[in-house]
Structure formats: structure tokens, C-alpha cells
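Student: Got a sequence here, can you build the structure:
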Amino acid sequence: MNRFINMLLLFLLIPTMLMAIYVGFDLPVTFLKTTGAFIPNRDEIFLGLGLLIFIVNLRRSIRRWMGIRIVSKQTKFKWNAPVSSTRKRRIVTYTALEVLVMTFVGIALYKVTPQAWAPSLAYLFGAFDNLIFAIVGLKGNHYRVGLSSKALIVADREVILLYFKGLRKISVQQQSIYFDYIKGLQLTFPSDCIEDEQRAEFFKLLEEQVDTDRVFFSKNLV
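Tutor: Residues are numbered from 1 along each chain as shown. Modelled structure (predicted):
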């Protein structure tokens, strides 16, 4: 989910930056027979792009905050633990990169042309939200893995929700656990979310939640 959102934000950045450059430097737009400063409806275009970028960031933000809120209710889970220290270090690295890139993009857009204030604010909102989410999640130990009788959820910078309904196979390959469902659907769970000393207990409880007569459970998981 997070990778898809970042790719979508990058995709939206391309037309936004091109528009900002044409307007900010008043470059000629041959096919419109005008220059950047006189592009028709340029304010509306910037506003529309800004709204799209804001909606994308807001959707990710809501999903993340809801994820850590759900998994923080520890009594509702059969197994619930903070993500591993390895996972936390990766979260810090990737979140810091996201914050720096989005902050740079937001400032750069406004510097090129103040008329790009809407997309600039949208990217800065994303940077600020990422920063606050990282501080709250790490300081409060809210990044967790929860296992219930119906689903497995990981809530950190990614929110991964894996239901057991329709499940046919659970297997492991490198640092990922694969959940294979009916109709060919395959979802993955990052096994490095769990500390090494907790894996035996986790996989034991995971096996207890599935019907082993219908679900193949690999014995190489631990």
C-alpha cells in the first residue's frame, strides 16, 4: 500500500512540476500558442492537482492511524506485540527519506512559482503527517502486530490486513510469509516484523487459528 501511494505521488508530481516550471519561468507553450504565465485556467489546474495530492496523502494517513488504533486494543487479540527492532530501524530510515523528499518537493514547487501553493501545501502536509506518525508510533510503541481468530494485522508505516477466510496455504520464502487464497489470490506478510525469540510462539498460535484440514501450513515457518 505505501509503495503504491508513493508511486502515485511521484506520478502526480510529474505534471505538477512541469506546470510549475512552465508558469514560473514563463516558457512558451507552442501547442497553445501562449506562454506559461498565460496558460488558461492555470490556478484551477494547480488547485485540482493539489486536491488530488492532498486526497492521496489523507487516505494513507487515515488508513495508518486507524491501523495503529485497531492493533493498540491488545485485549482483542490472541497475540499482540510491538514490531521488531529491525523493522523499527527500517521504518525510521524510510520515513525520514519520505519526509525529506516531500518537504523538498513542497518548498521547491512554491519557490518555482507561488501559484503552485496548493500542491506545495499538499506535499508539505504529507511530510508533516509522516513525521508526526513516526514520532507517535515509535515513542508510544504503537507499531504492532496483532493476531486474532479471524485475521492477522501489521500496523506501522504499512498497514497489512490478512483474513483467514478463504485461505488455502501458508508458506515462507526468505523474509516473507505467503498467504495463498482461493481464486489464485496471494498476499504477503513480512516475517521480520516479529522478533526472533517470539516467532515460535507466534507461529504456534497462527497455526491454531486456521483449519489445518483445509489450509496447508508449512512446517518451515519457524
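Student: domains for the protein, by residue range?
Tutor: 2-139, 164-217 (automatic domain parsing).
Student: Any idea which of those has the lowest pLDDT on average?
Tutor: Among those, domain 164-217 carries the lowest mean pLDDT, a mean of 89.
Student: Can you get me the start-to-end distance on that domain?
Tutor: End-to-end distance for domain 164-217, by Cα to Cα, to the nearest Å: 12 Å.
Student: so Ser85 makes contact with Glu195?
Tutor: Yes: in this structure, Ser85 is within contact of Glu195 by Cβ atoms under 8 Å, at 7.2 Å. Placement of C-beta: from N, CA and C, glycine included.
Student: ok, and what's touching stretch 116-128?
Tutor: 9, 12-13, 16, 19-20, 23-24, 46-47, 49-51, 53-54, 57-58, 60, 98-100, 102-103, 105-107, 109-110 (Cβ atoms under 8 Å, 6 or more residues apart in numbering).
Student: can you give me the strands in the chain?
Tutor: 28-29, 34-35, 79-82, 144-147, 151-155, 159-163, 167-173, 176-181, 186-190, 216-217 (DSSP state E).
Student: residues of the longest helix anywhere in the chain that come out buried?
Tutor: Using DSSP state H, we find that the single longest helix of the chain is helix 42-71. Neighbour-count burial for helix 42-71 flags 42, 45-47, 49-50, 52-54, 56-57, 60-61, 63-65, 67-68, 70-71 (criterion: 16 or more other Cβ atoms under 10 Å).
Student: so what does it touch, helix or strand wise?
Tutor: helix 2-24, helix 117-139, strand 144-147, strand 151-155, strand 159-163 (3 or more Cβ pairs under 8 Å, 6 or more residues apart in numbering; DSSP states H and E).
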